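Trainee: Below is the structure, and that's it, no one-letter string:
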């Protein structure tokens, strides 16, 4: 099984403006993407995950705290390790890779934040690999 990892990018600025990029991201596995908008920092989306499906998270505006938990027993919701916490901000272009085997939860840390999510599964494939747990498990938001 793969581990979560950060794919770093950068920003180039000159008199014409700036370009944000994450050139190390390989789109070859991506089958779909969607955008999540959080207008406030009060919203918490947790916990959703997949045994097999992988996802990549990119903050296109604002900032997010993203927490991952590796699951040992999907039927019982038994976690394997302590939560892993990541902070992604638009001003520092990065993509967080989340392999299958993990659940995620996230919260905007600045108003009007947007999170782009890329997936290696179609919507139909994802529906058969979708697990959800109560947000108060495993982490104090």
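Mentor: Nice, I can see it. Everything numeric in this text was worked out from a predicted model, so none of it was measured.
Trainee: tell me, what residue is most central in the protein?
Mentor: Nearest to the geometric centre of the chain sits residue 57, at 3.8 Å (CA atoms, centre = their mean).
Trainee: what's the spacing between that one and residue 122?
Mentor: Note on residue 57: its distance to residue 122, by CB to CB, to the nearest Å, is 19 Å. C-betas here are computed from N, CA, C, even on glycine.
Trainee: average pLDDT for stretch 26-41?
Mentor: Averaging the model's pLDDT scores along stretch 26-41 yields 97.
Trainee: one step back: confirm for me that the residue nearest to the centre of the chain is in contact with residue 119.
Mentor: No. Using CB atoms under 8 Å, residue 57 makes no contact with residue 119, being 10.5 Å away.
Trainee: How about the residue nearest to the centre of the chain, nearest residue that isn't a chain neighbour?
Mentor: In space, residue 57 comes closest to residue 96 once its chain neighbours are excluded; the distance is 4.4 Å by CB to CB, 6 or more residues apart in numbering.
Trainee: helices or strands next to the helix or strand harbouring that neighbour in the packing?
Mentor: Of the helices and strands defined by DSSP states H and E, residue 96 is found in strand 94-98. Under the contact definition 3 or more CB pairs under 8 Å, 6 or more residues apart in numbering; DSSP states H and E, strand 94-98 sits against strand 5-8, strand 55-61, strand 84-89.
Trainee: What strands flank the next helix or strand after that strand, and is each parallel or antiparallel?
Mentor: Stepping forward along the backbone from strand 94-98, the first helix or strand reached (DSSP H and E) is strand 102-108. Applying DSSP bridges, strand 102-108 is found paired with strand 44-50 (antiparallel), strand 63-73 (antiparallel).
Trainee: Please spell out which residues along the shortest one are buried.
Mentor: Taking 16 or more other CB atoms under 10 Å as the neighbour-count basis, strand 44-50 is seen to contain the buried residues 44, 45, 46, 47, 49, 50.
Trainee: Alright, I will stop here.
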